[in-house]
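How does the following fold in three dimensions:
(chains A and B)
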Number of protein chains: 2
Amino acid sequence: MTAFDVLTIGNAIVDILSRCEEDFLVDNQIAKGAMNLIDAERSALLYSRMGPAIEASGGSAGNTASGVASFGGKAAYFGKTSKDKLGEIFAHDMKAQGVHFATPPLGGTPPTASSMIFITPDGERSMNTFLGACVELGVEDVEPEVVANSKVTYFEGYLWDPPRAKQAIRECARIAHEHGREMSMTLSDSFCVDRWRDEFLDLMRSKTVDIVFANRAELLALYQTSDFDGALDQIARDCDLAAVTLSEEGSIIVAKGERIPVQPLAVDKVVDTTGAGDLYAAGFLFGYTNGFGLSDCGRFGSLAAGLVIQQIGPRLQTSLRQAARDAGFIL
Amino acid sequence: MTAFDVLTIGNAIVDILSRCEEDFLVDNQIAKGAMNLIDAERSALLYSRMGPAIEASGGSAGNTASGVASFGGKAAYFGKTSKDKLGEIFAHDMKAQGVHFATPPLGGTPPTASSMIFITPDGERSMNTFLGACVELGVEDVEPEVVANSKVTYFEGYLWDPPRAKQAIRECARIAHEHGREMSMTLSDSFCVDRWRDEFLDLMRSKTVDIVFANRAELLALYQTSDFDGALDQIARDCDLAAVTLSEEGSIIVAKGERIPVQPLAVDKVVDTTGAGDLYAAGFLFGYTNGFGLSDCGRFGSLAAGLVIQQIGPRLQTSLRQAARDAGFIL
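Numbers count the residues shown, from 1 in each chain, chains lettered A, B, ... in the order given. Here you go, the predicted structure:
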């Protein structure tokens, strides 16, 4: 069995990306910067109001797997698609990046998930996700050998939204820890944290999860506080290792009572923030599973996140390995 | 009936765009910079070898209609899709841009056309097109009222590849000229000119077509010469008005014995040339149908072409009307 650096698990989604003005979000009651869950009917309505778009494979953990592979790491992915055009596109983009992806697709119903992403002039993205086939991801989709042979298994907090995925995650955690591997998660979205706060805290406190990724809003939501410093203290108690991203202020790594500040990449213009957190996690986990120190892991994260926000869409069309070489981070 | 500035007619295609190295084109026998026609089998083979991609509506004349609408012009489009996901995407992107598009789709077979576009590090695009549903565009798809009410009807030379479209074009020309309108075409691609040279020359000499767009390679192919200056003289005799694009050297408008040079837009870095000619035509025809002089038409063309080559994909995500305002071309 191949050994993987990182296995990621998430909602397998194709993004439909378009620019819009701020008013559009207000008029259509879209929570800005958030992942809004929508049904098929609202999906059709919003699409009818959406401007010209482009399509790109997405899904938070899918973007992370793609990023790890782009750095030259060995990545695997579990996620549910359907036998349709978007499913074909999603699978192609994973395999073409060198990611192991073998989750069997559904027969066609529900369809492969899509997310309409509206990008406002400030570069912020607001997502509207129809989960489609993702609701069927279950414990039967766990490939035990892949989990056992992955240094880190990483999953999205978003997986608490579909009904059966959490069981798959718990099974992965069992296998991973049995093989001396580590489990990691992202809190995903502050509204998602609001929906699943107690379960997320339990995942951390029960040591089901070892490494946590969050942004500032998610961290504050987790501890229902406006005291950022206090929230950092709390997460330091709740998990072994956490990386908290702070947009243009970089990130802070919290490990064993230590706080390590990480500089962001200098960015001329933010084009589209889609995938920023996912690519930060990709860089961090690539470094972490390849023997780099925590500061360097953060630098890989800053590099990947800083590059992805200067383009439209969450999958970098250029090589992160080359970018890391150009930056002098690796040979 | 609404009056349209420009009606465009072409192969309705969704582009699948990915970066590749020069070697990839050689190894896969893809003619660089050209539109390579492929069948379903080769399409599947090339897709299996293609890197991670993004999808965007395309089709030469489709891009032109989208560009005219982006300038604020009134545009219409005829082109054949199928009732499938790519057809849905294509139709959405046209209508979302404000383009009139009502060609009835096929039931599902053949599928909506797609073109795998490989972008080399120099920004050049090499297209591999599976025509799919486009082969069924025919005279029954002509909406006579739309033709009669469009100031210019513009079509792709590419339409000579599917079997029945040329009959539709001749019918459009009959209606257009009966209503005192003008017909325009692009020579599309030098290999396409090689395939249909005599018929293209006949379209011009019979005055079926009034305005011709070409790039340097297409013009030289048309007259089977390496004498660019002589070729300009020849096209001046064969049609009333021609615009010949010259990549980074801008373009030359040939009208009534006069040659008008047009400067290109200053471009920092060519990201992807996909759609450059299509957007030049969009700018030119927007100006032409809105009362601007020929030099100004050329400036609109340079602006649109210069912007589209600084992004991936042939449909601008930003407003050309705003860009024209920012450049001081319009109020």
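
neighbours of A:Arg237, just the number please.
A:Arg237 has 10 neighbours, counted by other C-beta atoms under 10 Å in any protein chain shown. Any C-beta I mention is one placed from the backbone N, CA and C, and that applies to glycine too.

Ok, A:Leu86 next?
24.

OK, contacts around it?
Residues in contact with A:Leu86 (C-beta atoms under 8 Å, 6 or more residues apart in numbering or on different chains) are A:14, A:55, A:111-114, B:85.

so of those residues, which ones are in strands?
Assigned to strands by DSSP state E, the following of these qualify: A:14, A:55, A:113-114.

Out of those residues, which end up buried?
A:14, A:55, A:113-114 (16 or more other C-beta atoms under 10 Å in any protein chain shown).

Ramachandran angles for the residue of chain A most remote from its centre?
Each residue of chain A has a distance to the centre, and by C-alpha atoms, centre = their mean the biggest one is for A:Asp27: 28.1 Å. With angles defined as degrees, to the nearest 10, A:Asp27 sits at phi -60, psi -30.

what's the answer for the one 4 residues further on, then?
Summarising the backbone geometry of A:Ala31 under the convention degrees, to the nearest 10, its torsions are phi -70, psi 120.

Surely it touches A:Ser126?
Yes - counting by C-beta atoms under 8 Å, A:Ser126 is a contact partner of A:Ala31 at 6.9 Å.

So these two - more neighbours on which side?
Shown here are A:Ala31 and A:Ser126; by other C-beta under 10 Å, A:Ser126 has more neighbours (22 against 14).

Quickly list what that one is bridged to.
Assessed by DSSP bridges, A:Ser126 has beta-bridge partners A:Phe118.

which bits of chain A sit near chain B?
Residues of chain A lying close to chain B (C-beta under 8 Å from any C-beta of the partner chain) are A:18-19, A:47, A:50-57, A:66, A:84-86, A:89, A:92-93, A:96-97, A:312-313, A:315, A:317-318.

Now which of the residues you listed would you call buried?
Buried subset of these (neighbour count, 16+ other C-beta under 10 Å): A:18-19, A:47, A:50-57, A:66, A:84-86, A:89, A:92-93, A:96-97, A:312-313, A:315, A:317.

who's in contact with the closest residue to A:Gln317 other than its chain neighbours?
Leaving out its chain neighbours, the residue that sits closest to A:Gln317 by C-beta to C-beta, 6 or more residues apart in numbering or on different chains is B:Arg19, at 5.4 Å. If you count contacts by C-beta under 8 Å, 6+ apart, B:Arg19 has them with A:317-318, B:51, B:118-121.

Could you rerun that using 7 Å?
Applying C-beta atoms under 7 Å, 6 or more residues apart in numbering or on different chains, we find B:Arg19 in contact with A:317, B:51, B:119.

Any stretches of chain A with poor pLDDT?
Regions of chain A meeting the criterion pLDDT under 70 cover residues A:1.

for the stretch 201-331 of chain A, what spans make up the strands?
Counting by DSSP state E, counting those that start in this stretch, one finds strands in the stretch 201-331 of chain A at the ranges A:211-215, A:241-245, A:251-255, A:258-262.

picking that back up, between the contacts of A:Leu86, which is closest to A:Ser70?
Using C-beta to C-beta, A:Val14 is the member of those that lies nearest A:Ser70, at 18.5 Å.

Mind checking which of the buried ones among the residues of chain A next to chain B land in helices?
A:47, A:66, A:85-86, A:89, A:92-93, A:96 (DSSP state H).

and of those residues, the nearest to B:Gly298?
Once C-beta to C-beta is applied, the member of these that ends up nearest B:Gly298 is A:Tyr47, at 36.9 Å.

what's the farthest-apart pair in the buried ones among the ones in strands among the contacts of A:Leu86?
A:Glu55 and A:Ala113 (12.7 Å).

Surely A:Trp160 touches A:Arg197?
No - if you go by C-beta atoms under 7 Å, A:Trp160 and A:Arg197 don't touch, sitting 10.2 Å apart.

of those two, who's got more company?
Counted by other C-beta under 10 Å, A:Trp160 and A:Arg197 do not tie: A:Trp160 has more neighbours, with 20 against 15.

Please tell me how far that one sits from A:Gln167.
Distance, A:Trp160 to A:Gln167, using C-beta to C-beta, to the nearest Å: 11 Å.

do the same with A:Gln29
If you go by C-beta to C-beta, the gap between A:Gln29 and A:Gln167 works out to 33 Å.

So for the two, which residue has more residues nearby?
Shown here are A:Gln29 and A:Gln167; by other C-beta under 10 Å, A:Gln167 has more neighbours (14 against 8).

residue contacts, the more buried one?
A:Gln167 sits next to A:138-139 when contact means C-beta under 7 Å, 6+ apart.

need the contacts of B:Arg19 in TSV with distance to A:Tyr280, can you?
Listed next are the contacts of B:Arg19 as TSV, based on distance: C-beta to C-beta, whole Å:
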residue	distance to A:Tyr280
A:Gln317	18
B:Gly51	23
B:Ile119	27
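
Name the member of the buried ones among the ones in strands among the contacts of A:Leu86 with the shortest distance to B:His177.
Comparing those against B:His177 with C-beta to C-beta places A:Glu55 closest, at 39.5 Å.

any idea how far that closest one lies from A:Gly67?
Distance check for A:Glu55 against A:Gly67: by C-beta to C-beta, it reads 19 Å.

residue contacts, the most centrally placed residue in chain A?
Centroid-nearest residue in chain A: A:Ser60, 3.1 Å away (criterion: C-alpha atoms, centre = their mean). By C-beta under 7 Å, 6+ apart, the contact list for A:Ser60 reads A:10, A:156, A:158, A:186, A:188, A:278.

Could you rerun that using 10 Å?
A:Ser60 makes contact with A:8, A:10-11, A:13, A:35, A:115, A:127, A:154-159, A:186, A:188-189, A:275, A:277-278, A:281, A:314, according to C-beta atoms under 10 Å, 6 or more residues apart in numbering or on different chains.

One more: A:Tyr154?
A:Tyr154 sits next to A:6-10, A:60-61, A:64-65, A:68, A:75, A:172, A:182-186, A:209, A:211, A:213, A:281-282, A:284-285 when contact means C-beta under 10 Å, 6+ apart.

can you do 7 Å?
A:Tyr154 is in contact with A:6, A:8, A:61, A:64, A:184-185, A:281, A:285, counting by C-beta under 7 Å, 6+ apart.

same check, this time on A:Gly107
A:Lys83.

And it, how far from A:Lys80?
A:Gly107 is 12 Å from A:Lys80, where distance means C-beta to C-beta.

what's the answer for A:Leu46, then?
Note on A:Leu46: its distance to A:Lys80, by C-beta to C-beta, is 22 Å.

out of the two, which sits in the more crowded spot?
Remark: of A:Leu46 and A:Lys80, A:Lys80 carries more neighbours, 28 against 19, as counted by other C-beta under 10 Å.

how near is that one to A:Ala133?
Per C-beta to C-beta, A:Lys80 is found 5 Å from A:Ala133.

Please identify every residue contacting each of these two.
Both A:Lys80 and A:Ala133 are in contact with A:Leu106, where contact means C-beta under 7 Å, 6+ apart.

mind saving the C-alpha coords of stretch A:144-161 as CSV?
Output of stretch A:144-161 as CSV, limited to C-alpha atoms (Å, rounded to 0.1, in the frame of the first residue of the first chain):
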residue,chain,number,x,y,z
PRO,A,144,-9.2,1.5,6.0
GLU,A,145,-5.8,0.9,4.3
VAL,A,146,-5.7,4.5,3.1
VAL,A,147,-6.4,5.8,6.6
ALA,A,148,-3.9,3.4,8.2
ASN,A,149,-1.2,4.6,5.7
SER,A,150,-1.8,8.3,5.9
LYS,A,151,0.4,10.3,8.3
VAL,A,152,-2.5,12.8,8.9
THR,A,153,-6.2,12.4,8.2
TYR,A,154,-7.9,15.7,7.9
PHE,A,155,-11.6,16.5,7.6
GLU,A,156,-14.0,19.4,7.3
GLY,A,157,-16.3,20.5,10.1
TYR,A,158,-18.7,20.9,7.2
LEU,A,159,-19.1,17.1,7.3
TRP,A,160,-21.3,17.4,10.3
ASP,A,161,-24.0,18.8,8.0
